[in-house]
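Colleague: build the 3D model from these lines:
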Amino acid sequence: MSTGKKVLHITIHLPFPTNHGASLFNSYKLCTWLYRNHDLHFACFLKGDDVKYKDAFLEDTGIKNYYFEVLNVPRNGMNLIKSYLKGMTINMFRNYSADMHRHIQSIAHEYDVIVAEHYEVMQYVPKDYKGKVVFRTHNAEYLIWSRFAEVETNPIKKLVVSMEARRIKYWEFRYVKEADVVLGGTNDNEVHEPDPQKRALKFRDYLHIGDDSQITLPIPDFEQLENSLVYVGTLTWEANVEGLLWFADGCWDILKERFPELKLYIIGKNPDQRLIELSKKYPDIIITGFVEDLEEYFMKCKVNIIPLRFGSGMKVKTINGLCRGIPMVCTTIGAEGLKVTHDHDILISDTHAGFIQYVTELLNDNQKWNHIAHKSKATASKYYTWESLYKILEESI
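Modeller: This next block holds a predicted model:
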């Protein structure tokens, strides 16, 4: 479509529908910008329900030059063993296909730039490729696994996760070294290259940004809102599941004593079985499933909770919360890398007691609630818009 450079963009899943997760939304914004500004060939795997959305994705984006391949390799013990035999991480193994490899090898040298999104697809970049390689990291992936190991209590699982973190670290740092440009969150870039002078040579602070159009939406009327909490996220991702279980285990009973009418709406598709059991135990913890329009819940819930205890990178769910102006109670990891200040535009705690205190304050205090709501929107407007990222992309490609 464009007269710009010839760009090959490879990613691990179909970035559509855009409201099925923050990572998908970011991938969608990246590939549509590339299509508008360059001659794009888009290659990705189709996983789970992706096949159902393939045609809608193509119609929505207008992308004409593409390669799709169905791939569903589960994360299980047998595939973990196979990944060790292959000398790759479990997620590299789960995202490897000989057909994809042959396709990329056959066309790569026709393109000026390869954009490899997620470390798992860097394995497809030909060893003798002469063009520019742009590595879009999304996260310092090994850090997620390392932090997961820190909070894991099962000793066998803790050992397996720690070993996987070390394997991921090896491949991530290798791929960072091989790339010409690395697009990552500020804190992830600092992890991948601690030396500021070396970091400046190839690393670009390309943030995780949510739907910045929500900045223009009005802040709800405090007096019209329910005493309800809301959580939005991918309910199969271990960090999200573990955080919600941690919150429920240490906060819910006390909050219900203070606010008998309190509800928690957990929004997301395909909830983990542990969350289903949680909602059975606590009838006012409601799993909604996938929700097409989140406004229904943002216009009735007073507090957005983000109880993440491990992960890496800048959390899109937190940026979305800033944009929408629903006050958040968040962990340090949930606010990691963001230009936010506790008790100014967000409330931050890593303890059950802190979460209980701050949720209680926001449910009771109209003035404090409105202060946080307005300041969060101001922060989002100042620092987290897509136009700022498009300028970085233009310079990087």
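
Colleague: what's in contact with stretch 218-225?
Modeller: Contact with stretch 218-225 is made by 298-302, 325-326, 366, 369-370, 373-374, 377, as judged by CB atoms under 8 Å, 6 or more residues apart in numbering. From N, CA and C alone the C-beta is placed, and that goes for glycine too.

Colleague: can you tell me the distance between the two ends of stretch 4-19?
Modeller: The first and last residues of stretch 4-19 sit 29 Å apart, counting by CA to CA, to the nearest Å.

Colleague: mind listing the helices for the stretch 101-250 of the chain?
Modeller: Assigned by DSSP state H, counting those that start in this stretch, the helices in the stretch 101-250 of the chain fall at 141-151, 155-178, 186-192, 196-202, 238-247.

Colleague: Asp188 and Thr137 touch, don't they?
Modeller: Yes: counting by CB atoms under 8 Å, Asp188 touches Thr137, with 5.9 Å between them.

Colleague: how about the helices of the stretch 101-250 of the chain in a markdown table, adding mean pLDDT, mean neighbour count and distance to Phe16?
Modeller: Shown next, in a markdown table, are the helices of the stretch 101-250 of the chain (pLDDT from 0 to 100; neighbours: other CB atoms under 10 Å; distance: least, CB to CB, whole Å):
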| stretch | mean pLDDT | mean neighbour count | distance to Phe16 |
| --- | --- | --- | --- |
| helix 141-151 | 91 | 20 | 23 |
| helix 155-178 | 97 | 16 | 26 |
| helix 186-192 | 90 | 21 | 25 |
| helix 196-202 | 95 | 12 | 30 |
| helix 238-247 | 94 | 21 | 21 |
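
Colleague: quick one: closest of those to His41.
Modeller: helix 155-178 (20.7 Å; CB to CB).

Colleague: where does the chain dip in pLDDT?
Modeller: 1-3, 20, 312-314 (pLDDT under 70).

Colleague: break it down into its structural domains.
Modeller: 6-209+385-396, 212-383 (automatic domain parsing).

Colleague: for the helix or strand hosting Asp55, packing partners?
Modeller: Assigned by DSSP states H and E, Asp55 belongs to helix 50-61. In terms of contacts (3 or more CB pairs under 8 Å, 6 or more residues apart in numbering; DSSP states H and E), helix 50-61 is packed against helix 22-37, strand 66-70.

Colleague: neighbouring strands - and their directions - for the last one?
Modeller: Within its sheet, strand 66-70 is paired with strand 39-46 (parallel), according to DSSP bridges.

Colleague: in this protein, which spans are strands?
Modeller: With DSSP state E, the ranges of strands along the chain come out as 6-11, 39-46, 66-70, 113-117, 132-136, 181-184, 203-205, 226-232, 263-267, 285-289, 301-306, 328-330, 347-348.

Colleague: and the angle for the third one with strand 6-11?
Modeller: Computed with axes from the mean of the first three to the mean of the last three CA atoms, to 10 degrees, the direction of strand 66-70 lies at 20 degrees from that of strand 6-11.

Colleague: give me the angle between strand 66-70 and helix 50-61.
Modeller: Going by the same axes, to 10 degrees, strand 66-70 makes 160 degrees with helix 50-61.

Colleague: in strand 66-70, which residues are buried?
Modeller: Under the neighbour-count criterion of 16 or more other CB atoms under 10 Å, strand 66-70 has 66-68 buried.

Colleague: equivalent analysis for stretch 40-55, please.
Modeller: 40-47, 50, 53-54.

Colleague: now the end-to-end length of that stretch.
Modeller: 17 Å.

Colleague: please state the offset of it from the chain centre?
Modeller: 18 Å (CA atoms, centre = their mean, to the nearest Å).

Colleague: so what touches that stretch?
Modeller: By CB under 8 Å, 6+ apart, stretch 40-55 touches 1-2, 6-17, 31, 34-35, 63, 65-72, 95, 97, 100, 103-104, 107, 111.
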